[in-house]
Structure formats: structure tokens, C-alpha cells
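Peer 1: Have a look; sequence and predicted model below, questions after that.
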Amino acid sequence: MTLSASYNKNTIDPAPFVGRVSGVLFDIDETLVDLVAAMKDAMVLASSALLPGCTDAGWDDFSALYMADQQRYYDRYVAGEFTFHQQRGLRARVVFDKLGVDFSADTEAQWIADFEAAQPRSIRAFADVVPLLDALDAAGIPYGAVSNNVHDYQRAKLDQAGLARIAVLVGIDTVGVAKPNPAIFLEGCRQLGTVPEETLYVGDNYMLDGVGSVCAGLSSVWLNRDSVPAPGALGVGSDVLDGIQEVLTLAEVGVMLGLPAPARLM
């Protein structure tokens, strides 16, 4: 069964995880933290000298092209092909090349430095995060995060976003693998002190977070903030896909866990 924003109005099972979940693990970027907005702010600050007179619409296009990452440089960084800074520069180079802007090695190095200095200042948690964490605390349900980036970088990001309370954090360097490898989810469960079948994973990536966590034995919620269609032709069994619940906000996760109303007043 797939749940959406309207599921709690007319549904047979309005709180499917009540009594089944003893811990919750979250993805970080675009689940807890509005990384897209922070990255756009950083891109503007790092790129304004190279693109004088760029309009708001132009910056939107710049950000969209960078985030699309059609060459999959970030995924290739996760796989060990590039360093973190190399993937950052390569993704920027794609945009500047398209715009016909000279992006020399020195310019690239300065752009990366300016970007990394600017981005932390714009890191914010989504508005629906703290109410859900408050409700989990009140219910005595432990929570943590499992991310496809390195631990220390994501630790700083959570702290900057006001989410230092998330003590359990597993990065790709923690166990040497990335999502959707089951080991990274299982390490999150181990640190949280829960068994997989009693752990809920919440993330915005249908394949990495949704399919990955179900295959690792966890319950799964796909956070689909932009209400986009689920990807098709996945080559994944229906038993896995049926295990992925869909929500539009984290407030709905509170409903599914049967938590008090304040967690779902978003």
C-alpha cells in the first residue's frame, strides 16, 4: 500500500507502524536538511564574479543544471572514482562550459573554496523536522541518520542545521559502503540499538532509500516532497515495492507512527 497526503482521511490502516517500530533512521540531504536551497545560495556567492549580471532566473537554471549532475559525478565520488572536491569542481565545470565561461584550474580551486565557505551559512532544517523529532523524543523512540556522504561532513551539516540532537550518524566511511548496500542500514540499526524489522527508514530517494532499506529488512517511507511519480521499470520485485510507503511531509510519518497531533500539524 502506498500512502500519500490524503491517506489519513479514508484508509483502513491510518497508522501502519504503530507497535511495529522501535526506532527511526533518516536520510539527511533533502529529507532533514534543505540542501538544494543551501547549494543554490552557495553557487550564487561563489559564481557571481564569473557571471556578473546574472538574473534570478539565470541562477535558477545554473542551480538546476548543477544539481541534475547528468554525468553522475557525485555517485562516482561515492563509488570512489573522485574525491569530494573533485566531484564539486567537475559538476561546476559542466555548467560553466555550457555558459561559455573560462574555468581554469585556478578558477576552479577558488570556486570550490568559496562554495565550501558559503554553503554552511545557508544550511537549514526543513520546517517539519523538529516537530517530528520532538514527538519521537516524547514517545521515547530513538532516531538517527544514515547518509551517502562522509560522517564528519554530515555531522557538521546536522549541527549547523540545529540538529545536533541526532547523535547516531552513519556515513559512507563508517562501514566502507554506501546506500543501497544493506550494511550501511544495518550499521544504523546497530548504533540505534534496534533490530531491522523494528526500524523505520525515511528518505527522499526512491531507490537508494526506499528500495535499499526494504532490501535490508527495514520498514521504509519514501519522502516525496515534490509529489513526483515513482520511477518505473526498476527490476525490483513487487514484494519490495509494496513495502515502501509514500508521504509528502514528515508530519505524515508522525501519523503513521501514531504519535500525538503536534507532530503532524505541518
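Peer 2: Structure received.

Peer 1: looking at the protein, which helix or strand is least sure?
Peer 2: Ranking every helix and strand in the chain by mean pLDDT, DSSP states H and E puts helix 238-241 at the bottom, with a mean of 81.

Peer 1: Alpha carbons of that one, in PDB - could you do that?
Peer 2: The C-alpha coordinates for helix 238-241 follow below in PDB (Å, rounded to 0.1, in the frame of the first residue of the first chain):
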ATOM      1  CA  SER A 238       6.600  -6.300  -6.200                       C
ATOM      2  CA  ASP A 239       7.100  -7.500  -2.600                       C
ATOM      3  CA  VAL A 240       9.900  -4.900  -2.200                       C
ATOM      4  CA  LEU A 241       7.900  -2.100  -3.800                       C
END
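
Peer 1: So which bits of that helix are buried?
Peer 2: Within helix 238-241, no residue qualifies as buried by neighbour count (16 or more other CB atoms under 10 Å). Where you see a C-beta, it was placed from the backbone N, CA and C, and this is true even at glycine.

Peer 1: Relative to the following helix or strand past it, what are the paired strands and their orientations?
Peer 2: Using DSSP states H and E, the helix or strand that follows helix 238-241 towards the C-terminus is strand 244-247. Sheet pairing of strand 244-247 (DSSP bridges) gives strand 219-223 (parallel).

Peer 1: which residues are in contact with the strand it pairs with?
Peer 2: Where contact means CB atoms under 8 Å, 6 or more residues apart in numbering, the residues beyond strand 219-223 that reach it are 17, 20-21, 27, 31, 197, 199-204, 206, 209-211, 213-214, 230, 243-250, 253, 256.

Peer 1: Tell me the secondary structure at residue 24.
Peer 2: With DSSP: H, G, I helix; E, B strand; the rest coil as the basis, residue 24 sits in strand.

Peer 1: Measure how buried the nearest residue to it once chain neighbours are set aside is and give me the count.
Peer 2: Leaving aside its chain neighbours, residue 24 sits nearest to residue 143 (4.4 Å; criterion: CB to CB, 6 or more residues apart in numbering). Per other CB atoms under 10 Å, the neighbour tally for residue 143 reads 21.

Peer 1: List phi and psi for residue 143.
Peer 2: Phi and psi for residue 143, reported as degrees, to the nearest 10, are phi -150, psi 160.

Peer 1: again with the one 3 residues further on
Peer 2: Backbone torsions of residue 146, given as degrees, to the nearest 10, read phi -130, psi 120.

Peer 1: Against residue 133, how distant is it?
Peer 2: Distance of residue 146 to residue 133, given as CB to CB, to the nearest Å: 16 Å.

Peer 1: repeat for residue 56
Peer 2: 33 Å.

Peer 1: These two: which is more packed in?
Peer 2: residue 133 (21 against 8).

Peer 1: Helix, strand or coil: sort out the residue lying closest to residue 169 once chain neighbours are set aside for me.
Peer 2: Closest residue to residue 169 apart from its sequence neighbours, by CB to CB, 6+ apart: residue 145 at 5.0 Å. Per three-state DSSP, the local secondary structure of residue 145 is strand.

Peer 1: Tell me which residues touch residue 145, please.
Peer 2: Shown in contact with residue 145 (CB under 8 Å, 6+ apart): 25-28, 32, 154, 158, 166, 168-170, 188.

Peer 1: Show only the entries of the residues you listed found in helices.
Peer 2: Applying DSSP state H to the contacts of residue 145, the entries found in helices are 154, 158, 188.

Peer 1: Which SSE is immediately downstream of the strand or helix carrying residue 40?
Peer 2: Using DSSP H and E, residue 40 sits within helix 35-47. Later in the chain than helix 35-47, the nearest helix or strand by DSSP H and E is helix 56-68.
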